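> can't give you the sequence, but here's the structure:
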């Protein structure tokens with residue numbers, strides 16, 4: 001029997017963990033050994049360890065413990081740490097996920113050492129060149145050996161950028177795999193009959209005082225009409241305290257801790273609408289037949305706009321939040337979201353990788 005090939009999966013943040021879970025399971029069905037490197041980008045229990053336990057992801061073989069710092073410092077420290085692991089071990093392929101700093105650091109460290117890289121969730125574009133995530137995803141696509149595109153649009157984006165078919169494979173969205181295959185357990189939180197779920201954490205919205213202030217003033221105005229449940233991201237909590245808005249927000253919104261994967265899906269599924277600046281949450285909402293309002297300059301998944309599952313509000317127009325909420329919640333019956341695969345993306349990725357390494 002051939003010696004097992006060894007794949008290293010570089011993870012660091014909640015979106016990485018969720019994307020990796022179904023792929024790790026699928027790869028285990030083949031003659032492949034999977035090892036995990038955790039950069040420490042998300043390091044507290046609510047943002048990291050609970051997802052490993054809940055999603056049955058094996059304990060990381062390597063943990064850099066980088067933690068929170070500026071983009072440049074964090075990415076640089078990650079590259080240095082990842083390089084040491086890569087030099088000290090033998091890996092046949094490196095897997096990177098999505099568009100986080102951990103993703104970029106993993107890709108750069110690997111390609112500098114001549115190691116092949118597989119990028120999961122490749123080809124996604126917003127056109128916002130000032131977004132750190134947009135920079136990360138585009139760089140990763142063009143240094144990776146093989147890119148797995150989640151939608152037909154992302155696949156076409158890479159073709160338009162000159163990537164040949166051997167570098168660009170449409171497989172479907174592994175997050176769709178996760179949502180449709182997750183059997184939701186009962187939520188251990190008492191919920192109001194009607195509520196909106198809000199998540200705000202993106203750097204573009206939290207690092208500018210005026211934008212952050214306006215977003216939350218309008219969320220608090222909306223909360224006068226309907227309950228708003230708000231799982232608070234550590235970065236958002238820190239920034240709200242810095243601008244002396246934290247206590248007021250806690251009095252106006254139903255503030256809770258960051259939630260497990262199961263709990264967040266439950267909150268999304270039973271909410272009347274989601275208001276978010278996340279790349280993944282509006283998409284998960286559409287998978288669960290819940291409409292969303294996205295706050296940002298460009299939405300990550302334009303398919304959600306085109307199919308009327310999400311509505312874009314730029315920070316400059318956030319004062320229209322209540323008007324948009326009232327209009328969008330009354331939109332006529334929406335068709336099921338399409339274009340994200342058939343729920344078998346992880347198996348397609350595993351089968352493709354198995355053929356490549358034979």
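Cool, got the structure. Since this is a predicted model, take the numbers as computed values, not measurements.

> list of residues touching the lowest-mean-pLDDT helix or strand in the chain?
The helix or strand of the chain with the lowest confidence, counting by mean pLDDT, DSSP states H and E, is helix 49-54 at a mean of 82. Helix 49-54 has contacts (C-beta atoms under 8 Å, 6 or more residues apart in numbering) with 14, 17-18, 57-60, 260-262. To be clear about C-beta, it is placed using only N, CA and C from the backbone, and glycine gets the same treatment.

> need the max-distance pair from those.
Maximum pairwise distance in the contacts of helix 49-54, criterion C-beta to C-beta, is 21.4 Å, between 60 and 262.

> coming back round to it: CSV for the contacts of helix 49-54, including distance to residue 8, pLDDT and secondary structure?
Shown next, in CSV, are the contacts of helix 49-54 (distance: C-beta to C-beta, whole Å; pLDDT from 0 to 100; DSSP: H, G, I helix; E, B strand; the rest coil):
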residue, distance to residue 8, pLDDT, secondary structure
14, 20, 85, helix
17, 15, 92, helix
18, 18, 92, helix
57, 14, 93, coil
58, 13, 92, coil
59, 15, 92, coil
60, 11, 93, coil
260, 26, 88, coil
261, 23, 91, helix
262, 28, 92, helix
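
> residue 358: which of those residues is nearest?
Closest approach to residue 358 among the contacts of helix 49-54 (C-beta to C-beta): residue 58, at 24.3 Å.

> how about the closest one, nearest residue that isn't a chain neighbour?
Distances taken as C-beta to C-beta, 6 or more residues apart in numbering place residue 36 nearest to residue 58, at 6.2 Å, with adjacent residues excluded.

> burial count for that neighbour?
21 (other C-beta atoms under 10 Å).

> what residues sit buried inside the host helix or strand of it?
For residue 36, the host element (DSSP states H and E) is strand 32-38. Within strand 32-38, the residues that count as buried by 16 or more other C-beta atoms under 10 Å are 32, 34, 36-38.

> if the residue nearest to residue 58 is in a bridge, with which residues?
residue 9 (DSSP bridges).

> that one is in contact with residue 55, isn't it?
No: Residue 36 is not in contact with residue 55 according to C-beta atoms under 8 Å; the separation is 11.9 Å.

> what about the strands in the stretch 51-200 of the chain?
For the stretch 51-200 of the chain, the strands defined by DSSP state E, counting those that start in this stretch cover 62-63, 93-97, 117-120, 146-149, 168-170, 195-199.

> residue 318 is nearest to which of those strands?
The nearest among the strands of the stretch 51-200 of the chain, by C-beta to C-beta, is strand 195-199 at 12.3 Å.

> what's next to the top helix by length along the chain, contact-wise?
Longest helix in the chain, counting residues (DSSP state H): helix 71-88. With C-beta under 8 Å, 6+ apart as the test, helix 71-88 has contacts from 8, 10, 12, 37, 39, 41, 62, 64, 66, 68-69, 94, 101-102, 104-106, 108-110, 112-113, 115, 132.

> in it, what counts as buried?
Neighbour-count burial for helix 71-88 [16+ other C-beta under 10 Å]: 74-79, 81-83, 85-86.

> about what we covered before: angle of the strand holding residue 36 against helix 71-88?
Relative orientation of strand 32-38 and helix 71-88, computed by axes from the mean of the first three to the mean of the last three C-alpha atoms, to 10 degrees: 140 degrees.
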